[in-house]
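1. Below: sequence and its predicted model.
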Amino acid sequence: MILIKLFAGNSLLIFFRLVYVISFWFYSLQRIILGLQKTT
């Protein structure tokens, strides 16, 4: 029910949350790649 309210309401908030999740995932992925390069 809360998800339906969010999707029906603030699409801008969903957009910013999506951007935050993607940037956080990309940052963690970059750290993992750098860590793997250091160990090899």
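-> Cool, the structure landed.

2. I'd like the distance from stretch 20-27 to the chain centre, please.
-> Its chain's C-alpha centre and that of stretch 20-27 lie 4 Å apart, by C-alpha atoms, centre = their mean, to the nearest Å.

3. Also stretch 12-26?
-> Using C-alpha atoms, centre = their mean, the offset of stretch 12-26 from its chain centre is 5 Å.

4. tell me the mean pLDDT over it?
-> For stretch 12-26, the mean pLDDT works out to 90.

5. Just the buried positions in it, please.
-> Buried positions in stretch 12-26, judged by neighbour count with 16 or more other C-beta atoms under 10 Å: none. Any C-beta I mention is one placed from the backbone N, CA and C, and that applies to glycine too.

6. what ranges do the helices span in the protein?
-> Here the chain has its helices, by DSSP state H, at 2-8, 11-39.

7. ok, the spatially most central residue of the chain to Thr39 distance?
-> For the chain, Val21 is the residue whose C-alpha lies nearest the centre (C-alpha atoms, centre = their mean; 1.2 Å). Distance, Val21 to Thr39, by C-beta to C-beta, to the nearest Å: 27 Å.

8. just Arg31 next, same as before
-> Noted for Arg31: a distance of 13 Å to Thr39, by C-beta to C-beta.

9. Between those two, which is the more surrounded one?
-> Legend: neighbour count by other C-beta atoms under 10 Å for Arg31 and Thr39, higher for Arg31 (10 against 6).

10. Can you get me a residue count around Leu36?
-> Using other C-beta under 10 Å, Leu36 has 9 other residues around it.
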